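Chemist: Could you work out the structure for the sequence below:
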Amino acid sequence: MVPAIAVLAANASGKTVIKGAERLRYKESDRIESVVYNLKALGADVEETHDGMIIYGGKKLHSAKLKGYNDHRIVMAFSVAAMNIGDCEIDDAQSINKSYPSFLMILIILEVRLMSSEFGNKIKLSIFGESHGEAIGCVIDSIPAGVKLDMEKIYFDMARRAPGKDKTATPRLEKDIPHILSGVLNGVTTGAPLAMIIENTNTKSGDYSNLLSVPRPSHSDYPAYVKYQGNNDIRGGGHFSGRLTAPLVFAGAIAKQILAQKGITVGAHILSINGILDDSFDKANVSEKELLAVSSKAFCVINDEIEDKMRASVEKARLDGDSVGGVIECAVVGVPVGIGANIFSTVEGHISSALFGVPAVKGVEFGAGFDFAKMTGYEANDTYSISNGNVKINKNNNGGVLGGMTTGAPIIVRAVIKPTPSISKAQKSVNLQKMTEEELVIHGRHDPCIVPRAVPVVESAVAFALLDLMA
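Modeler: A predicted model of the protein is given here:
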């Protein structure tokens with residue numbers, strides 16, 4: 001326990017004395033010497049004694065190259081320490097594979113908790129990884145036991161989001177095959193946390209070498225540089241990358257299957273790209289059949305005649321070294337009345353929170369949304385009628401939500417997707433090391449329009465948020 005206690009002491013305030021531990025000099029390594037060396041490498045104030053060490057905690061620790069000494073206790077303690085510091089390299093760490101082969105998975109789950117990339121109140125989704133790291137993935141807590149998963153449907157949604165399929169997307173080709181580590185047995189959920197990883201297999205990190213000090217306009221680089229003292233991973237956007245939406249789609253595909261068992265269907269389409277409009281959903285009468293039909297298309301538009309115009313706009317931007325954005329419209333049918341609550345527990349608030357977790361989303365509206373500003377009360381109000389013995393909402397301008405609660409009408413929500421900020425045109429930026437203005441040319445592979453690939457992402461965010469509300 002001494003290596004772990006020493007790491008904790010270095011992060012705490014005040015003086016810590018560890019003594020009576022001379023026997024540790026005769027383990028897989030001289031653990032007293034090993035711990036002192038690594039703590040000093042991290043910037044800690046520590047003194048070695050004959051039977052222990054004295055640690056003066058409270059100093060700011062920094063990234064460093066550490067030694068594992070082929071001692072699993074040293075490797076484990078300083079792996080956890082590095083998670084709270086930044087990028088650290090630990091050599092001679094192979095002993096961990098023999099003594100504790102599942103440690104890497106435990107470390108990944110711990111990383112999820114530390115980063116707080118988590119959503120949900122009753123059913124929780126935690127997403128981890130970086131665009132150019134070894135893998136990305138997620139952990140889903142409190143998924144009901146006994147749900148039989150249709151993996152083909154999951155693979156289908158993953159493929160809809162995956163890159164490298166046509167000219168509207170980045171040429172980076174990733175298969176995005178999810179590898180389930182726990183929580184599923186014989187294709188059925190067990191009730192345990194469902195953990196999944198996706199390997200990153202097609203990375204070109206060298207394309208990002210010029211971004212270490214020069215932040216990309218409209219990207220997370222600058223605020224992340226300040227917040228994480230320059231330790232953030234900028235390769236492909238790191239943990240801020242749109243690639244992290246792949247685990248969200250995995251979780252959303254599961255959520256959609258559970259919702260379908262309750263008679264609820266989620267579907268979305270491209271409402272616009274660069275001002276070119278598709279037909280809108282009929283807010284009051286959109287059907288399950290329509291949602292399933294449009295979601296199954298390779299290019300999700302209601303009016304197929306508009307696809308070529310949208311593609312032409314994207315191609316023009318690509319050839320010009322630029323990008324374009326758009327709007328995705330999502331609908332949910334079969335929702336019962338009364339889900340959600342008022343004030344701070346509204347359906348709109350919870351769904352919006354999930355949607356704003358998608359890196360490119362910059363605006364969300366429900367029903368008539370901002371068009372309410374152009375209406376009178378008489379025009380805006382959702383009147384009622386009786387249809388087949390049930391209350392029917394005639395216009396559904398409120399998008400299926402009133403007072404924060406579902407009305408039984410379709411939930412209609414739209415998300416604005418900004419143009420991909422990584423473009424090849426020269427742009428003004430600054431050098432954060434020299435504090436000088438600089439022209440930036442971004443290299444690498446990027447989407448000229450993220451909108452087509454974001455359709456299943458929006459569906460997934462809405463589906464998971466709704467499932468959590470109903471749990």
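Chemist: my guess is S29 meets V75, correct?
Modeler: No: using Cβ atoms under 8 Å as the test, S29 is too far from V75 to be in contact (10.2 Å). The way it works is simple: take the backbone N, C-alpha and C, and place the C-beta from them, glycine included.
Chemist: what about G52, how many neighbours?
Modeler: By the criterion of other Cβ atoms under 10 Å, G52 has 21 neighbours.
Chemist: circling back: higher neighbour count, S29 and V75?
Modeler: Looking at S29 and V75 with other Cβ under 10 Å, you find the greater number of neighbours at V75, namely 27 against 21.
Chemist: Before we go further, that one is sitting in a helix, right?
Modeler: Yes: secondary structure of V75 (DSSP: H, G, I helix; E, B strand; the rest coil): part of a helix.
Chemist: how near is F250 to L469?
Modeler: Distance of F250 to L469, given as Cβ to Cβ, to the nearest Å: 20 Å.
Chemist: which one of those two has more residues nearby?
Modeler: More crowded of F250 and L469, by other Cβ under 10 Å: F250, with 28 against 21.
Chemist: ok, now how distant is A360 from V226?
Modeler: Counting by Cβ to Cβ, the gap from A360 to V226 is 22 Å.
Chemist: quick one: which of those two has more around it?
Modeler: A360 (22 against 12).
Chemist: Now do the contacts for K40.
Modeler: V46 (Cβ atoms under 8 Å, 6 or more residues apart in numbering).
Chemist: so what's the backbone phi/psi at it?
Modeler: Here is the backbone geometry of K40 (degrees, to the nearest 10): phi -60, psi -40.
Chemist: Please report how far I254 lies from F240.
Modeler: From I254 to F240 the distance is 24 Å (Cβ to Cβ).
Chemist: The two: who's more crowded?
Modeler: Under the neighbour definition other Cβ under 10 Å, I254 and F240 were set side by side, and I254 has more, 28 against 19.
Chemist: ok, the more buried one to A260 distance?
Modeler: From I254 across to A260, the span is 11 Å (Cβ to Cβ).
Chemist: mind listing the helices for the protein?
Modeler: 2-11, 31-41, 72-83, 95-99, 103-115, 151-161, 221-227, 245-261, 288-295, 307-319, 347-355, 377-380, 451-470 (DSSP state H).
Chemist: Pick the most buried one from the ones you listed.
Modeler: helix 451-470 (a mean of 27; mean count of other Cβ atoms under 10 Å).
Chemist: how far is that one from where the chain is centred?
Modeler: 12 Å (Cα atoms, centre = their mean, to the nearest Å).
Chemist: Show me what it is packed up against.
Modeler: strand 118-119, helix 151-161, helix 245-261, strand 265-273, helix 288-295, strand 326-333, helix 347-355, strand 411-417 (3 or more Cβ pairs under 8 Å, 6 or more residues apart in numbering; DSSP states H and E).
Chemist: repeat that for 6 Å
Modeler: helix 151-161, helix 245-261, strand 265-273, strand 326-333, helix 347-355, strand 411-417 (3 or more Cβ pairs under 6 Å, 6 or more residues apart in numbering; DSSP states H and E).
Chemist: If you average pLDDT per helix and strand, which one of the protein comes out bottom?
Modeler: The helix or strand of the chain with the lowest confidence, counting by mean pLDDT, DSSP states H and E, is helix 103-115 at a mean of 59.
Chemist: outside of stretch 129-138, which residues touch it?
Modeler: Residues outside stretch 129-138 that contact it (Cβ atoms under 6 Å, 6 or more residues apart in numbering): 127-128, 196-199, 203, 205, 233, 235-239, 241, 243, 247, 251.
Chemist: how about 7 Å then?
Modeler: 108, 125-128, 195-200, 203, 205, 233, 235-239, 241, 243-244, 246-247, 250-251 (Cβ atoms under 7 Å, 6 or more residues apart in numbering).
Chemist: One more: stretch 93-104?
Modeler: E28, G68, N70, D71, H72, V75, M76.
Chemist: Kindly recompute the last result at 6 Å.
Modeler: G68, N70, H72, V75.
Chemist: mind listing what the first one touches?
Modeler: Looking back up the chat, that one is G68. G68 makes contacts with I74, V75, I90, D91, D92, A93, as judged by Cβ under 6 Å, 6+ apart.
Chemist: Distance check, the last one against R73.
Modeler: As judged by Cβ to Cβ, A93 and R73 stand 12 Å apart.
Chemist: CA atoms only for stretch 124-131 - export them in CSV, please.
Modeler: C-alpha atoms of stretch 124-131 as CSV (Å, rounded to 0.1, in the frame of the first residue of the first chain):
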residue,chain,number,x,y,z
LYS,A,124,-25.9,7.0,-16.5
LEU,A,125,-23.6,7.2,-19.5
SER,A,126,-19.9,7.9,-19.2
ILE,A,127,-17.8,8.4,-22.3
PHE,A,128,-14.0,8.1,-22.3
GLY,A,129,-11.0,8.2,-24.6
GLU,A,130,-9.4,10.6,-27.2
SER,A,131,-9.6,10.7,-30.9
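Chemist: Please export the C-alpha coordinates of stretch 144-151 as CSV.
Modeler: Output of stretch 144-151 as CSV, limited to C-alpha atoms (Å, rounded to 0.1, in the frame of the first residue of the first chain):
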residue,chain,number,x,y,z
PRO,A,144,-32.2,-3.0,-17.0
ALA,A,145,-31.3,-6.7,-16.9
GLY,A,146,-32.9,-9.0,-19.4
VAL,A,147,-32.8,-6.8,-22.5
LYS,A,148,-32.0,-8.9,-25.5
LEU,A,149,-29.8,-6.7,-27.8
ASP,A,150,-30.1,-6.8,-31.5
MET,A,151,-26.4,-6.3,-32.4
